[in-house]
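[1] Please find the sequence and the predicted model below.
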Amino acid sequence: MGSEPAQGSSGARPASSADPGELKPSIMIRVLHNMIGRFWNLTLQGDPNVSSQNKSIIAYLDTQRDHDVFQYDIERKFSITRSTASRVLSLMEKKGLITRESVERDARVRKIMLTAQGEQIAHDLRSDAALLESTLMQGFSERERLELMRNLERMKLNLLRFKDDIACEGPPGARGSRTQDDAGNVNETPEDVKGDATT
């Protein structure tokens, strides 16, 4: 006979100790995504105008100081559509976080630069970003870190291939015509984008 569960125990395991084989990666990634968003929302609490999506873009621009950054760079970096990037950047410009300036070599594009306000936020974000990354990777060996990043990259490529297949062949079954819907852009934080669109 098997041993009886301890008295007062429901026998249920806490979510954090679930068998990894029972977890769906899309759900776990979404959970982490939301938790990371809450982490960023705890920073710079004095400025409700700056969303977590804004902070991510500011942090990226801060790392690209030696290079011109254009809208298509934001689209690629955050895997978002042109319309989503245009909307978010326009709102950031209105908030005084960025400017967009024409370049002599191509009048069709404008480079994105941080304003003084954006620069101050970038400065404040650096230490918070380092804390977030070290917290996420706490207890991981260097080999485990590299393996995790390789696996995440493989998932990203799988989704990109799926998106390309849908674009070429059409959606399977009755999936409809949502192939270019903004909601399909998982890494871009749709909740934050929607929040930006209404602020």
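    Cool, the structure landed.

[2] Do a quick rundown of the helices in the chain.
    Along the chain, the stretches classed as helices by DSSP state H are 25-42, 52-63, 71-78, 82-94, 116-136, 142-169, 190-197.

[3] Give me the sheet partners of the longest strand along the chain and which way each runs.
    Scanning the chain for the longest strand, with DSSP state E as the assignment, gives strand 106-114. The strands beside strand 106-114 in its sheet (DSSP bridges) come out as strand 98-103 (antiparallel).

[4] Provide the contact partners of the strand it pairs with at residue level.
    Strand 98-103 has contacts (C-beta atoms under 8 Å, 6 or more residues apart in numbering) with 57-58, 61, 68, 89, 92-93, 109-115, 118. Placement of C-beta: from N, CA and C, glycine included.

[5] With just CA atoms, put it into PDB.
    What follows is strand 98-103, C-alpha atoms only, in PDB (Å, rounded to 0.1, in the frame of the first residue of the first chain):
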ATOM      1  CA  ILE A  98      12.300  60.600 -27.900                       C
ATOM      2  CA  THR A  99      12.800  62.700 -31.000                       C
ATOM      3  CA  ARG A 100      12.800  61.600 -34.600                       C
ATOM      4  CA  GLU A 101      15.000  63.400 -37.000                       C
ATOM      5  CA  SER A 102      15.600  63.200 -40.800                       C
ATOM      6  CA  VAL A 103      18.900  61.900 -42.100                       C
END
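
[6] what comes up buried for that strand?
    Within strand 98-103, the residues that count as buried by 16 or more other C-beta atoms under 10 Å are Ile98.

[7] relative to helix 116-136, how tilted is it?
    Between the axes of strand 98-103 and helix 116-136, defined by axes from the mean of the first three to the mean of the last three C-alpha atoms, to 10 degrees, the angle is 110 degrees.

[8] quick one, strand 98-103 and helix 71-78 angle?
    Going by the same axes, to 10 degrees, strand 98-103 makes 130 degrees with helix 71-78.

[9] which one of the contacts of strand 98-103 sits closest to Gln138?
    Distance to Gln138 across the contacts of strand 98-103 (C-beta to C-beta) is lowest for Ile58, with 25.1 Å.

[10] neighbours of Val50, just the number please.
    22 (other C-beta atoms under 10 Å).
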